[in-house]
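[1] The sequence and its predicted three-dimensional model are supplied below.
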Amino acid sequence: MPRHVGRSAASLLGATLALAAIGMMAATDARHFTAICPRVYRFAPLRMSKEQRAAIHSYDERVFVKDLHDGVTWYRRLVQNLG
């Protein structure tokens, strides 16, 4: 994992950090960005339960508002760490 991705996650989640990758069987919008940038992160910085992950792209897809807010904060810190 690139250093700035981990640093951004640690600053949001705290010193105790365990990141886990999940396999995604479907295509994401990220495939469209590779034409303009060779480094595309296919990463969703959202806390999700097993049930929420199972509902991705389903009729009942959802995340909690706080987790969405934390995800936005993570992206903001990632951009700051890139600078």
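    Looks like it came in fine.
[2] And for the most centrally placed residue in the chain, nearest residue in space, chain neighbours not counted?
    Centroid-nearest residue in the chain: residue 44, 1.8 Å away (criterion: CA atoms, centre = their mean). With CB to CB, 6 or more residues apart in numbering as the criterion, residue 44 has its nearest non-adjacent residue at 7.1 Å, and that residue is residue 71. (Glycine included, C-beta is placed from N, CA and C.)
[3] so the one you found is in which element?
    Assigned by DSSP states H and E, residue 71 belongs to helix 65-82.
[4] helices or strands up against the helix or strand of the chain with the lowest mean pLDDT?
    Sorted by mean pLDDT, DSSP states H and E, the helices and strands of the chain end with helix 3-13, the least confident at a mean of 71. Counting contacts by 3 or more CB pairs under 8 Å, 6 or more residues apart in numbering; DSSP states H and E, helix 3-13 packs against helix 65-82.
[5] For the helix it packs on, list the C-alpha coordinates in CSV.
    Output of helix 65-82 as CSV, limited to C-alpha atoms (Å, rounded to 0.1, in the frame of the first residue of the first chain):
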residue,chain,number,x,y,z
VAL,A,65,-23.9,8.9,7.5
LYS,A,66,-21.0,9.0,9.9
ASP,A,67,-19.0,6.5,7.9
LEU,A,68,-19.7,8.5,4.7
HIS,A,69,-18.5,11.6,6.4
ASP,A,70,-15.3,9.8,7.6
GLY,A,71,-14.8,8.7,4.0
VAL,A,72,-14.9,12.2,2.7
THR,A,73,-12.5,13.3,5.5
TRP,A,74,-10.1,10.5,4.4
TYR,A,75,-10.1,11.7,0.8
ARG,A,76,-9.4,15.2,2.0
ARG,A,77,-6.5,14.1,4.1
LEU,A,78,-5.2,11.9,1.2
VAL,A,79,-5.1,15.0,-1.1
GLN,A,80,-3.3,17.0,1.7
ASN,A,81,-0.8,14.2,2.2
LEU,A,82,0.0,14.1,-1.6
